[in-house]
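A.B. asks: Any chance you can model this:
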Amino acid sequence: MELQSQLDELTEAGIGVVAISYDSEEILSAFAARRGITYPLLSDDDSAVITAFGILNTVVQESLGANADDPDVLADVHRYVAAAVFDSPGLRRMIDGTPFPGTFMVDADGVVTARYFEEFYRERASTSTIMLESGIGLSPIEAIQGSTAQLGFTAYPSTTRVTNGTRFTLALEVEPGEGMHVYAPGADDMGYRVIGFNMAPSDYVRYEEVKYPDSEIYHFQPLDEYVSVYQEPFTLMQEAVVNASAGIEEELAEMDAITLSGTLEYQACDDAICYLPVSVPLSFTLEFQHLDYQRSRDQ
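C.D. replies: Numbers count the residues shown, from 1 in each chain. Below you'll find the predicted structure:
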């Protein structure tokens, strides 16, 4: 499991790890032994903590009640409840008390400082992605390093192990060359190419919008232009989600890895010259881990 593989690095960063679920102590103990989990797994078998945190999934209960045929209820069921569970009223009763899955960041005083939850029940933000977005830099893994005449870059995935529904990030650390700048969002309105990822479409991964850091305004004196640029080192983050639909899950069941390809696109200028746009090929290979269904069988 990803948390376990990152445990030493998280501990060194001063971060404690604990997981809580509605499963019984016996189920959690068997799961920990099977998967080599050493951090605490807490049993909230009456869903008291889940309810106190406001994340109790009441969709299942509603789907068994008087509003079971309501179109809005059915839409929520398809979004928040597994298809196999939805098709079986017996299973729906069995999982009563489950939470909306997600991650809380809590400080030393027990105050929640951040939370990460998804719209679709199968999508989960990876631990490395949460750390990256929280500004806690974990060591880059499987990094691609390169340079051009105008800049140097390091590109890497926030995690190299994914499964159905994993939300992860492709990070791109860029260092413009001396006297160089590249263009930030807003510069495209003036005809310049904004630096960014151009990832090829994939049946297995959905790409979200690129997250850009704050830029600065550069005054290009020859044309008296004021434009958004990056002149100092910065990091772009391309969010992505592994497809969690039932049809794609069958295809992924036969795969051990997912390869993603694309390009780094940019245009660079200095105080005198704007260089031709550049396209640098990038490729990332992610190990695909198949879901552990033993837990549901144990129940």
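
A.B. asks: Kindly report the domain assignment for the protein.
C.D. replies: 2-134, 144-288 (automatic domain parsing).

A.B. asks: Just put those domains in JSON lines and tack on mean pLDDT and mean neighbour count.
C.D. replies: In short, each C-beta sits where N, CA and C put it, glycine included. What follows is the domains of the chain, written out as JSON lines (pLDDT from 0 to 100; neighbours: other CB atoms under 10 Å):
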{"stretch": "domain 2-134", "mean pLDDT": "72", "mean neighbour count": "15"}
{"stretch": "domain 144-288", "mean pLDDT": "90", "mean neighbour count": "16"}
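
A.B. asks: quick one, strands of the stretch 1-150 of the chain?
C.D. replies: In the stretch 1-150 of the chain, the strands defined using DSSP state E, counting those that start in this stretch lie at 19-21, 41-43, 102-106, 112-117, 124-125, 144-147.

A.B. asks: tilt between the longest one and strand 102-106?
C.D. replies: This points to strand 112-117. 170 degrees (axes from the mean of the first three to the mean of the last three CA atoms, to 10 degrees).

A.B. asks: Paired strands for strand 112-117, with orientation please.
C.D. replies: strand 102-106 (antiparallel) (DSSP bridges).

A.B. asks: from the middle of its chain, how far away would stretch 265-283 be?
C.D. replies: 28 Å (CA atoms, centre = their mean, to the nearest Å).

A.B. asks: Pull up the distance across it, start to finish.
C.D. replies: 14 Å (CA to CA, to the nearest Å).

A.B. asks: and if you look at stretch 168-186?
C.D. replies: For stretch 168-186, the first-to-last residue distance is 26 Å (CA to CA).

A.B. asks: For that stretch, what is the distance to the chain centroid?
C.D. replies: For stretch 168-186, the distance to the chain centre is 21 Å (CA atoms, centre = their mean).

A.B. asks: Just the helices from the stretch 151-299 of the chain, written as ranges.
C.D. replies: Taking DSSP state H, counting those that start in this stretch as the test, the helices found in the stretch 151-299 of the chain are 246-252, 294-298.

A.B. asks: Mind giving me the packing neighbours of the first one?
C.D. replies: Under the contact definition 3 or more CB pairs under 8 Å, 6 or more residues apart in numbering; DSSP states H and E, helix 246-252 sits against no other helix or strand.
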